[in-house]
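Chemist: predicted model and sequence follow; I will ask about them next.
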There are 6 protein chains.
Amino acid sequence: MFMHTKRLQFEAKPDKPDPVYARKLQELIGGAWGEMTVTMQYLFQGWNCRMPGKYKDLIMDIATEEIGHVEMLATMVARLLEGAPATAVTKMAMTDPVVGAVLGGMDPQQAIVGGGGPLPADSNGYPWNGRYIVASGNLLADFRANVAAEAQGRLQTARLYNMTDDPGVKDMLKFNLARDTLHQNLWLKAIEELKADGLEDTVAPNALLDEEYAEHAQTIWDLSEGTEGTLGGWASGPQPDGRHEFVYLMDPRPLGDVGMAPPPDPKLYDTYDGSLGEPKGPALGTETGPLGKLKDKLT
Amino acid sequence: MFMHTKRLQFEAKPDKPDPVYARKLQELIGGAWGEMTVTMQYLFQGWNCRMPGKYKDLIMDIATEEIGHVEMLATMVARLLEGAPATAVTKMAMTDPVVGAVLGGMDPQQAIVGGGGPLPADSNGYPWNGRYIVASGNLLADFRANVAAEAQGRLQTARLYNMTDDPGVKDMLKFNLARDTLHQNLWLKAIEELKADGLEDTVAPNALLDEEYAEHAQTIWDLSEGTEGTLGGWASGPQPDGRHEFVYLMDPRPLGDVGMAPPPDPKLYDTYDGSLGEPKGPALGTETGPLGKLKDKLT
Amino acid sequence: MFMHTKRLQFEAKPDKPDPVYARKLQELIGGAWGEMTVTMQYLFQGWNCRMPGKYKDLIMDIATEEIGHVEMLATMVARLLEGAPATAVTKMAMTDPVVGAVLGGMDPQQAIVGGGGPLPADSNGYPWNGRYIVASGNLLADFRANVAAEAQGRLQTARLYNMTDDPGVKDMLKFNLARDTLHQNLWLKAIEELKADGLEDTVAPNALLDEEYAEHAQTIWDLSEGTEGTLGGWASGPQPDGRHEFVYLMDPRPLGDVGMAPPPDPKLYDTYDGSLGEPKGPALGTETGPLGKLKDKLT
Amino acid sequence: MFMHTKRLQFEAKPDKPDPVYARKLQELIGGAWGEMTVTMQYLFQGWNCRMPGKYKDLIMDIATEEIGHVEMLATMVARLLEGAPATAVTKMAMTDPVVGAVLGGMDPQQAIVGGGGPLPADSNGYPWNGRYIVASGNLLADFRANVAAEAQGRLQTARLYNMTDDPGVKDMLKFNLARDTLHQNLWLKAIEELKADGLEDTVAPNALLDEEYAEHAQTIWDLSEGTEGTLGGWASGPQPDGRHEFVYLMDPRPLGDVGMAPPPDPKLYDTYDGSLGEPKGPALGTETGPLGKLKDKLT
Amino acid sequence: MFMHTKRLQFEAKPDKPDPVYARKLQELIGGAWGEMTVTMQYLFQGWNCRMPGKYKDLIMDIATEEIGHVEMLATMVARLLEGAPATAVTKMAMTDPVVGAVLGGMDPQQAIVGGGGPLPADSNGYPWNGRYIVASGNLLADFRANVAAEAQGRLQTARLYNMTDDPGVKDMLKFNLARDTLHQNLWLKAIEELKADGLEDTVAPNALLDEEYAEHAQTIWDLSEGTEGTLGGWASGPQPDGRHEFVYLMDPRPLGDVGMAPPPDPKLYDTYDGSLGEPKGPALGTETGPLGKLKDKLT
Amino acid sequence: MFMHTKRLQFEAKPDKPDPVYARKLQELIGGAWGEMTVTMQYLFQGWNCRMPGKYKDLIMDIATEEIGHVEMLATMVARLLEGAPATAVTKMAMTDPVVGAVLGGMDPQQAIVGGGGPLPADSNGYPWNGRYIVASGNLLADFRANVAAEAQGRLQTARLYNMTDDPGVKDMLKFNLARDTLHQNLWLKAIEELKADGLEDTVAPNALLDEEYAEHAQTIWDLSEGTEGTLGGWASGPQPDGRHEFVYLMDPRPLGDVGMAPPPDPKLYDTYDGSLGEPKGPALGTETGPLGKLKDKLT
């Protein structure tokens, strides 16, 4: 269960309105790498965590913080739009192209749909959606995704930091940048901890390593012309997991046969000249197919 | 420019059809963490890479390989569907619930839309889309996303490995698992190389670290009740970047003021009782606003 | 079955082109609360209505009208774009920023994709989709959704009304505003009628009211700090359905236990330390699980 | 800022696993009318509220509660999946159609992607997205949307209540049903309060009522054959807003002219025979167009 | 403006319910190639048509018919679901896997969201959206898209025809198949007519044919290993437009340089080693950039 | 399997940056009719092709070429953005509206997310998705879709050709236009070849022509008022398939009964007055329903 205090985690007070920037900030609210993503990603990871204790508590601490980040940004956007959509002005747009032009840089939905407020969408107006997040139950795989999310998030925040000189906006972004720094370090540390606790190793998941084809876990296939890739530290030597060597495979050849889709079911009307013969298996529901066998038992 | 050989990178031959499994394999083709994602992510990263040489060549090597992985999986799905949609059988579905039931586990679009072939969608039929990928231009942030993608990809492949005992399917998955192992190691190694080359450091991007609020890059806020989080290695001590310490902040208090949206433009018809006064800034296009000033200059 | 007359329900003649406004009007065509939404919502509600007679006839009357509203707006958009995309002009965009600027306020797809015509999308270019509508079969729930749709629709139309001073555009919007007023009143009246006919009551659906936990249908939990909420008419007294009282629950405490995900299936490779023991139920297909029992019967 | 307690608002303990039902419950988590929708809708409405005081506090109380509802459902789904995906079993699917059949009713992504946990998606695997919500700044329009959301939400919960007989699941749903009853009453009461406070009236927004065409706010157009619609209470008499009368308009005729898209810009290559003449307005960037005039001033 | 008659264009009466088939029929309602697509595609094409007369009238005739096809299918789906969702039964699902299994083949949202009615979505529950359609203003390009839509539509209908033996369903599908046959012929005929009228030619659009590089309009590049492609009629000889010859280009070589992204803006924090030098153009807003020049004029 | 050469298929070198045009070019990368669409459409068609030989080889030749077209456009976009996002400039946006205005015409995500690079999205920032493509297995239906895709693609390229006068951009577009010309001719030729080979005929699929209702394959229903449609070549005479005649059906009447949804399952809480009686079929799982019968056999 959650509780709310009306005070923001950190101040979100622009010195003056800036509707063009209000549109750009939407990227940090509802973009693929925005605060709605980390909020929901950490919440679902916390709820999907199978171990009471330090990991679950940490995840929920950060998840709960992130809801408050959405709140800070939402408040900032509303304030950047103060007095800005200026609907009465827009009627001058075509007779005065300059007026129309500035308005063109704005997000029309912030005015028309949001009434001068923030939207759960990114800077191109595309809505946030649940496919942005992952909560796989495997903490190593998830923490790697978290490091990536915080890195992209800090990168985007840093870019936006250079797109304003409003001291109030910069003040809030200095807080956000710092939190993204911390959180990158935090998830990196938590990955170390998973290894120290013997719960996961370098490769996620720590399973099937003896069943997979070990020789194919070694070779980098040189499929893009040019040999510059072999100048990297990955061209040879041990891999980070300590189990494999790197090998650069020059002039690689395919190992499989020619790929061909099989003869189709005639009732699907795929174009077919019969050259591959009939479908090989007995059809699902025929006498000799698996359903036929089950039906025999039933009757 | 690209070229194609009709032979597959690795064999993709199931022993027998299995339409229910064909649906599940869609997750590896068009899921958020499937092969279309890594294909497009690496291609766009390669095209967005600003340095000729080893990084760009490596990225394009792997990207080009991944197109071939989509091809292997697409071929496998078509073969798993051989003879399977069995349209003539489905008319028994309601009179014979067992028949209908098996068909229910299948993806109806593989038959109706794909004619017994693969679709660019995941195991719930949701289409692959471009918001799944990132190619930010910052290689550290992107390589972290790549490690995450390969980890989630290997995890899902491992889960699917346990959902079949078809030797032909397992044979291909043993190859895929190995490639995902290699690629996790590879991107981890490439991250080390970025640091060794002095191009990036631990935190992405390696910028604004002196401007952000350093004190807020230290504190983990205990916002979820319970203190188990303090039992982790992140409770104190140096952070992985070597620049900061971890501090667990118990009983944290908000630093900002009450968050309030400002007085609205009356022409937007937000519900408002006037208690916050008038919008503070001159409206965008009024005499005293910025557009007014520009118009003055123009006339 | 439907028929069409080429005359519009109401005039849609702008005095002069205005491509920036043409983009904004897309919100009324393909936005979440636009005319495509009410068209499809009412059509599917009409087709899903289980009673021949006055309700179904009314729904289909309004649904059929709304198709014509999409037509009016589509025609208006095409006319607002007359001569406007001006492709030959755009090549000046970078050498002459003013030109580029005005074009920036336009929807590029109206020119590139639509050839100067309307699109089934909103003012940010996001396509209309079927998840915007509801046709639940329960007329009370649906009519409430209809009131909401007409209210949001009128609100957005009113906002757009202030964003133009083109007399022809305003003329059409005065008609649209009036229809939205009528339709709000209409669905409110239809809700009264459902009650008068004894088909539904205040709460939708009119069912399970004796099974749900009555005590939890009373209490407003004070989960956001501050007590201003208790100053509202909802702080105490009878609820609109006449069955319940309002109670404001200050300092609320959770009623449930700690939320924990259970022990995972080991083959899913969730990170797990075993602290919660084994999964409690017999696995689905084991000897002792339900499938095992069924298989026993079959063999 | 938000805080979290690890105890759930209400118990979420199924008696036994049920993976088919776990899929259906996704509708209440990530469906258009599920708990993620009301969570985000109320949060954004609270952040977009322009008046400190009772309304904002109420909205944030309920918003904060709804986050906890997502948590309850997420926990319930994980528990319903306990031991259920049973990956080792699925390999029997084709040789034993009954096994495959049951698995077919499950959500494959809950196992493959979620590791036996909940997803931010609906019962067909479609992800939750931000276009489901509205926070318009106009409280009357928004509260109407809230009533609708709670009505659809309770309706879907009631349907799901009949799809299980697990006492633990039913126990939680009895709580949810009650909350949905309360919240319907609450938003209806809040609508009354807005009127009592003189902030809004019956029609949203309370504006432009004198400018819209009053005569067109009266007439229901009989556009679907059949006259049963005239048997309703809306056929005549005063409208709920007390400002208008209802009039049923039989045999309605269009009021507008023939709708025609105008002559196209030739550089867009629309098919055109010249029959409508040239585009009427001066092209945007020509000497005589608005940009031309501005450029004159600049030079 | 549109009008509606309550009678269906053709009968839609199944002999008995079939909920599994009701799910499949959703593909014809809300799939990418379903009836909602042709409805909206033809409506927007009609509204975007720039010539009064035979083409516009034809398009609107067919568009109006297609709304009625959605209606027929929607009615059929509701009838196929009659008595079928059987919510009280589903509680047996896990104790009796056969029951659960059949229900698994159904669309859960048809029951939970639609109350036993149709949805604006496809057979995997993915909602119809506006990006499925095109109304480009160029009738040749659009009519080609219409032929494709009717071909895919008839193909899918034919596949579904084999998935049922319900005489009532087959009766309706025999009508739909015939309409799809007609419409394919119709749009093919309309393409001939466009040429006969001199409005368009073989290639769309009939423009820039003298500016494009004619030599590159001849050559098929042999980029996939194997020479079977040269056995086709396209290997040599005149092209259908009568303006070009076909040439099969064996062993093709790239014509361009190495593709490289340019030096990045340092404030975007792309990883960059400086090897490509500085960005070549003056930054947009600097003294020497285009904005600087404009600002000079303004001041 | 695929291989890559670092040289582009054709040159992609703009003379100077143009960020507004870089946004528009996104339509050719990730739009519904852009290069990602034809890439994926042809790849999946090739993989789904059921005949080794000339068709499959041709499809894969073109598919492989199209990946290289995405590469050319992606490189062009990055170069058009060189030095352009100019983050340090944007802080002038509100004090200097002209600066803000130009930036408004740009795609904010190209800077914030892409770091000055291309995105897998269209010109309104909407991501490419897998529902844009079709690979049905029926080559006639698919080749018709391919003709349509190349026609829309060339149309959009032609429009964009008029929106720039950068010689380097025009140079590349002259190549693209030519390829789109060739590919239209190519798929038209391949359609002829399918007929010549006796694999398909005029109507897709070449099946069920004797079962569909032949009389309904003749009549164009005059459902939009006006008789201009009868002036077209389609008003009478033979249809292109040589099997049918065209007949224009004036004053058409519906052939079906009144469409009505049936009595609902009471547990779904649809609003219902009982006027249609009880659901006709035995409920799915009752004693007398199909599941009941199966259960009888099992016990």
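Modeler: Received the coordinates, thanks. Everything numeric here is computed off the predicted structure, so don't read it as measured data.

Chemist: residues in contact with A:W221?
Modeler: By Cβ atoms under 8 Å, 6 or more residues apart in numbering or on different chains, the contact list for A:W221 reads A:249, A:252, B:9, B:61, B:65. For glycine as for every other residue, the C-beta is placed from the backbone atoms N, C-alpha and C.

Chemist: give me the pLDDT value at the closest residue to chain F within chain A.
Modeler: Closest approach between chain A and chain F, counting by Cβ to the nearest Cβ: A:G105, at 2.0 Å. You'll see A:G105 listed with a pLDDT of 73.

Chemist: wait, it touches F:G105, no?
Modeler: Yes - here A:G105 reaches F:G105: they are 7.3 Å apart, a contact under Cβ atoms under 8 Å.

Chemist: re the thing from before, mind checking which of the contacts of A:W221 are buried?
Modeler: Neighbour-count burial (16 or more other Cβ atoms under 10 Å in any protein chain shown) is assigned, among the contacts of A:W221, to A:252, B:9, B:61, B:65.

Chemist: could you check how far whichever residue of the stretch 151-299 of chain A sits closest to chain C is from C:S275?
Modeler: Using Cβ to the nearest Cβ, the closest approach of the stretch 151-299 of chain A to chain C is made by A:P205 at 3.7 Å. Using Cβ to Cβ, to the nearest Å, A:P205 is found at 19 Å from C:S275.

Chemist: between those two, who's got more neighbours?
Modeler: A:P205 (25 against 10; other Cβ atoms under 10 Å in any protein chain shown).

Chemist: one step back: where's the residue of chain A closest to chain F relative to chain C, distance?
Modeler: Per Cβ to the nearest Cβ, to the nearest Å, A:G105 is found 7 Å from chain C.

Chemist: quick one: neighbours of that residue, just the number.
Modeler: 27.

Chemist: farthest-separated two in the contacts of A:W221?
Modeler: Greatest spatial distance in the contacts of A:W221: B:Q9 and B:D61, 12.7 Å, computed using Cβ to Cβ.

Chemist: which residues does A:D122 contact?
Modeler: A:26-27, A:29-32, A:34, A:128, F:109, F:125.

Chemist: wait, which of those is closest to chain D?
Modeler: Closest approach between the contacts of A:D122 and chain D, by Cβ to the nearest Cβ: A:W128, at 4.3 Å.

Chemist: quick one: pLDDT of the closest one?
Modeler: pLDDT recorded at A:W128 is 98.

Chemist: how many other residues sit next to the closest residue to it other than its chain neighbours?
Modeler: Leaving aside its chain neighbours, A:W128 sits nearest to A:G30 (3.9 Å; criterion: Cβ to Cβ, 6 or more residues apart in numbering or on different chains). When neighbours are counted by other Cβ under 10 Å, A:G30 registers 27.

Chemist: where does A:G30 land on pLDDT?
Modeler: Reading off the model, A:G30 has pLDDT 98.

Chemist: and it, how far from chain E?
Modeler: With Cβ to the nearest Cβ as the criterion, A:G30 and chain E are 19 Å apart.

Chemist: my read is that that residue contacts A:M36, right?
Modeler: Yes - the criterion here is Cβ under 8 Å, and A:G30 meets it with A:M36 at 5.4 Å.

Chemist: list residues touching both of these two?
Modeler: Common contact partners of A:G30 and A:M36 (Cβ under 8 Å, 6+ apart): A:120, A:128, D:130.

Chemist: out of those residues, which are inside helices?
Modeler: Among the shared contacts of A:G30 and A:M36, none falls in helices (DSSP state H).

Chemist: pretty sure A:Y132 contacts B:R131?
Modeler: Yes - with contact defined as Cβ under 8 Å, A:Y132 counts as touching B:R131 (7.1 Å).
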